[in-house]
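Visitor: compute the structure for the input listed below.
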Amino acid sequence: MLKTKFGLNPNPHVVIYARMSSSKQNPRSPEQQITTIKDTLKRLGLNWQVVAVYRDDAISGRYFRKRPGFQKMLRELKSGVLRADYVLVDTFERLSRSENNAEIRRMLLKAGTLVLTADSQFADPNSVSGRALSFMEAYRASEECRTKAHNVLRGKKDAIREGKWPGSSPPFGFYLKNVMVIRHGDEELDHRILVPIPELKWIVEFIFTLSAQENFGPVRICKKLNSHPDIPSHLKPFTEATVASILRNELYYGEMVWGKNCTGIEDDVRVKQSIPEEEWVVNSEFCEPIISKELWQQSMQMIESRRRRVTAPDPDADHSGLRPRGVALKYPLSGLVVCSSCGRAMVSSASSAYTTKAGEVRNYASYGCPGYRSGACDNDRRVPESWLRETVIQLVKDRLFPQ
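Guide: Predicted coordinates:
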């Protein structure tokens, strides 16, 4: 259906959609939205029949495909499983905060429904004023998101300049200390500062020493940490990602460098974009250091030297055995094979090319648990890629074309 007329059906069927963005928000927000919609219907004397209620809890309005409640609603409306004239929301922001607001309205219109909002008293979206209101609702939804992001960013920058923690969890080896103030005769939290945890300082120093003086990468450092008898078991296992993040964090020598990257959502995928250095926020005396700046710089020099050897090898050397980055993309099951011991996604790797006795050039590809390399998992099994691929394809064929 390409066009739906408002008020054509005197007793329309409607569905209600409610959403809240974060688990940190009021957990009763969806129920409150649903109640507001029903109360507005009653107050306006509208005897509309509610045939279904959909909701998404703790999911950003900037996502579209990752909202199961919304997707179920759209799927049932499109397929005809459920017939409804209108989709009712408290405010348009509950439906979407993305740049695809108009597209979402069109998708629901194709499914035979119009979007009506309680805060507009369910105004006719097909009238001249209704179309103008729809435009303003969509603009308000996306603009409010942009304005909030701007205000949050401004507040974080100001906090960093004053040595206050801007938010999120503290890095390994630190804890957040509450700084209290008296306001209007009551003690309340003013801000938090980053403070080293004394009993963990030696672990951080150990990590940077292995990197700077032994030229160990994250994998070899993880093995050392996970097998070290003096490190408490509740801190294990260390992973490559954790160690790599520690090694690149300036906070360990007391400096906060914030704003190197920004993130956004495009086509339901979070993307990261680098920010020019002149826009970074830097506080060289942000917190008490755990290591010296010299040790951190030595570690970074080692990391960069290893990176250069991989990305810019000697032009006179034989590179026939080097495997290019992105080798995992050659294998169709990448990201779908899961380690039975730890639940990590197993990664594919291939040996250097070799020649068989028959003169054929081959290489051996297999899947392995990335946690085993760092000592975080005991699963040392390698699964041959060709065998697994053929087995899965045969299983799919058997399911699709049973004998």
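Visitor: C-alpha only now, for contacts and for neighbours.
Guide: OK.
Visitor: list the buried residues of stretch 158-171.
Guide: Using 16 or more other CA atoms under 10 Å as the test for burial, stretch 158-171 gives Ala159, Ile160, Arg161, Gly163, Lys164, Trp165, Pro166, Pro171.
Visitor: do the same with stretch 44-60
Guide: Trp48, Val50, Tyr54, Arg55, Asp56, Asp57, Ile59, Ser60.
Visitor: what's the mean pLDDT across it?
Guide: For stretch 44-60, mean pLDDT rounds to 90.
Visitor: for stretch 18-35, same thing?
Guide: The model assigns stretch 18-35 a mean pLDDT of 84.
Visitor: who touches it?
Guide: Contacts with stretch 18-35, where a contact means CA atoms under 8 Å, 6 or more residues apart in numbering, come from 16-17, 53-61, 89-90, 94-95.
Visitor: how about the strands in the stretch 151-300 of the chain?
Guide: 174-183, 186-196, 256-258, 261-266, 269-274, 281-283 (DSSP state E, counting those that start in this stretch).
Visitor: nearest to Pro402, of those strands?
Guide: strand 269-274 (36.7 Å; CA to CA).
Visitor: are there helices or strands packed against that closest one, and which ones?
Guide: strand 261-266 (3 or more CA pairs under 8 Å, 6 or more residues apart in numbering; DSSP states H and E).
Visitor: dump the residue contacts of the residue nearest to the spatial centre of the chain.
Guide: Residue closest to the average C-alpha location in the chain (CA atoms, centre = their mean): Arg270, at 6.1 Å. Counting by CA under 8 Å, 6+ apart, Arg270 touches Thr263, Gly264.
Visitor: give me the pLDDT for it.
Guide: 72.
Visitor: so, low pLDDT: which residues of the stretch 1-150 of the chain?
Guide: Applying pLDDT under 70 to the stretch 1-150 of the chain flags residues 1-5, 7-8, 23-25, 61, 97-101, 128-135, 137-145.
Visitor: show me where it has its strands.
Guide: 13-19, 49-56, 86-89, 114-117.
Visitor: put together TSV for those strands, with distance to Gly217 on each row.
Guide: Below are these laid out as TSV (distance: least, CA to CA, whole Å):
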stretch	distance to Gly217
strand 13-19	44
strand 49-56	42
strand 86-89	52
strand 114-117	54
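Visitor: and the strand or helix carrying Tyr372, average pLDDT?
Guide: Per DSSP states H and E: Tyr372 is located in helix 370-373. Across helix 370-373, the average pLDDT comes to 85.
Visitor: what about that helix, distance to the chain center?
Guide: Centroid separation for helix 370-373 versus its chain: 23 Å, with CA atoms, centre = their mean, to the nearest Å.
Visitor: contact partners of the following helix or strand past it?
Guide: Once the chain leaves helix 370-373, the next helix or strand it forms, by DSSP H and E, is strand 383-384. Contacts to strand 383-384, defined as CA under 8 Å, 6+ apart, come from residues Tyr364, Ala365, Ser366, Tyr367, Gly368.
Visitor: which one of those residues is nearest Gly80?
Guide: So of the contacts of strand 383-384, ranked by how close each gets to Gly80 (CA to CA), first place is Tyr367, at 43.3 Å.
Visitor: how about the contacts made by that closest one?
Guide: Val337, Met346, Val347, Ser348, Ser349, Arg382, Val383, Pro384, Glu385.
Visitor: can you check Ala118 too?
Guide: By CA under 8 Å, 6+ apart, the neighbours of Ala118 are Thr36, Ile37, Thr40, Leu88, Val89, Asp90, Thr91.
Visitor: separation between the first one and Arg94?
Guide: Going back to what we said before, that points to Thr36. Per CA to CA, to the nearest Å, Thr36 is found 13 Å from Arg94.
Visitor: could you pull out the helices for the protein?
Guide: 29-43, 68-79, 92-95, 101-110, 128-161, 201-213, 218-227, 240-247, 293-311, 370-373, 385-400 (DSSP state H).
Visitor: among the ones you listed, which is the most enclosed?
Guide: Of the helices of the chain, the one with the most neighbours on average (mean count of other CA atoms under 10 Å) is helix 92-95, at a mean of 24.
Visitor: which strands and helices sit next to it?
Guide: strand 13-19, helix 128-161.
Visitor: neighbouring strands - and their directions - for the first one?
Guide: In other words, strand 13-19. Using DSSP bridges, the strands paired with strand 13-19 are strand 49-56 (parallel), strand 86-89 (parallel).
Visitor: got those as a markdown table, with distance to Phe208 columns?
Guide: Output for the strands paired with strand 13-19, formatted as a markdown table (distance: least, CA to CA, whole Å):
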| stretch | distance to Phe208 |
| --- | --- |
| strand 49-56 | 44 |
| strand 86-89 | 53 |
